[in-house]
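Visitor: what follows is a predicted protein model with its sequence.
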Amino acid sequence: MALEIERKFLLPEYPEQLIQDGELKIYTQQNIDQTYLAIEDGQELRVRKITDLDSGEITFTHTFKDGKGISREEIEYFISEGLYNQVIEAVKAIPLVKKRLTGEWNGTTVEIDVYTQLELSVLEVEFDSLEEAESFKAPEWFGEDVSTDWKYSNKTVWKELQNKSSK
């Protein structure tokens, strides 16, 4: 299993000026539909439909994550469109939809997720080690560090979306 080490920040506003000034270089733009299949005790199974907004290419993934906090075990692999559609049909859930921009700021790779069903934008930074993650000094424009605040985890936001849709 691969180890995912990341910190998440509550992005207060879209960094349009940094992009225009060339300080934040955007490399990829994707739409991601994310649906959870199972969530229990720090473990999760999910599927994603990922559309590259530049090329139009669509890929599908299945992911297992285990752990809590900024460091978790992760296995992710590609699946077929047919398998993805079967799973989505079986769970009959509303996917969490987000636009993801991946870019570079000051030598650091950042991912900005703008959730289309919610008024929420976050910025994530992945690290090679726990020490690197813990010593990282985020600039003010990243916003509040919500790395360990489960209110902003994708699975919590997805659960809230399911509850709203069933009312």
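Guide: Yep, that arrived. Residues are numbered from 1 along each chain as shown.
Visitor: lowest confidence element among the helices and strands of this protein?
Guide: Least confident helix or strand, the chain: helix 154-165 with a mean of 89, by mean pLDDT, DSSP states H and E.
Visitor: for that one, packing partners?
Guide: strand 24-40, strand 96-105 (3 or more CB pairs under 8 Å, 6 or more residues apart in numbering; DSSP states H and E). Where C-beta positions appear, they are placed from N, C-alpha and C, glycine not excepted.
Visitor: report the angle between that helix and strand 96-105.
Guide: 150 degrees (axes from the mean of the first three to the mean of the last three CA atoms, to 10 degrees).
Visitor: which stretches in this structure count as strands?
Guide: Secondary structure of the chain by DSSP state E: the strands cover 2-10, 24-40, 43-52, 58-66, 71-78, 96-105, 108-115, 120-127, 144-145.
Visitor: turn those strands into JSON lines, columns for distance to residue 154, mean pLDDT and mean neighbour count.
Guide: Converted to JSON lines, the strands of the chain look like this (distance: least, CB to CB, whole Å; pLDDT from 0 to 100; neighbours: other CB atoms under 10 Å):
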{"stretch": "strand 2-10", "distance to residue 154": "9", "mean pLDDT": "95", "mean neighbour count": "17"}
{"stretch": "strand 24-40", "distance to residue 154": "6", "mean pLDDT": "97", "mean neighbour count": "15"}
{"stretch": "strand 43-52", "distance to residue 154": "8", "mean pLDDT": "97", "mean neighbour count": "18"}
{"stretch": "strand 58-66", "distance to residue 154": "10", "mean pLDDT": "97", "mean neighbour count": "16"}
{"stretch": "strand 71-78", "distance to residue 154": "12", "mean pLDDT": "96", "mean neighbour count": "13"}
{"stretch": "strand 96-105", "distance to residue 154": "6", "mean pLDDT": "97", "mean neighbour count": "18"}
{"stretch": "strand 108-115", "distance to residue 154": "8", "mean pLDDT": "97", "mean neighbour count": "18"}
{"stretch": "strand 120-127", "distance to residue 154": "9", "mean pLDDT": "97", "mean neighbour count": "19"}
{"stretch": "strand 144-145", "distance to residue 154": "17", "mean pLDDT": "98", "mean neighbour count": "14"}
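Visitor: out of those strands, which is closest to residue 159?
Guide: Across these, residue 159 has its closest neighbour in strand 24-40 (7.4 Å, CB to CB).
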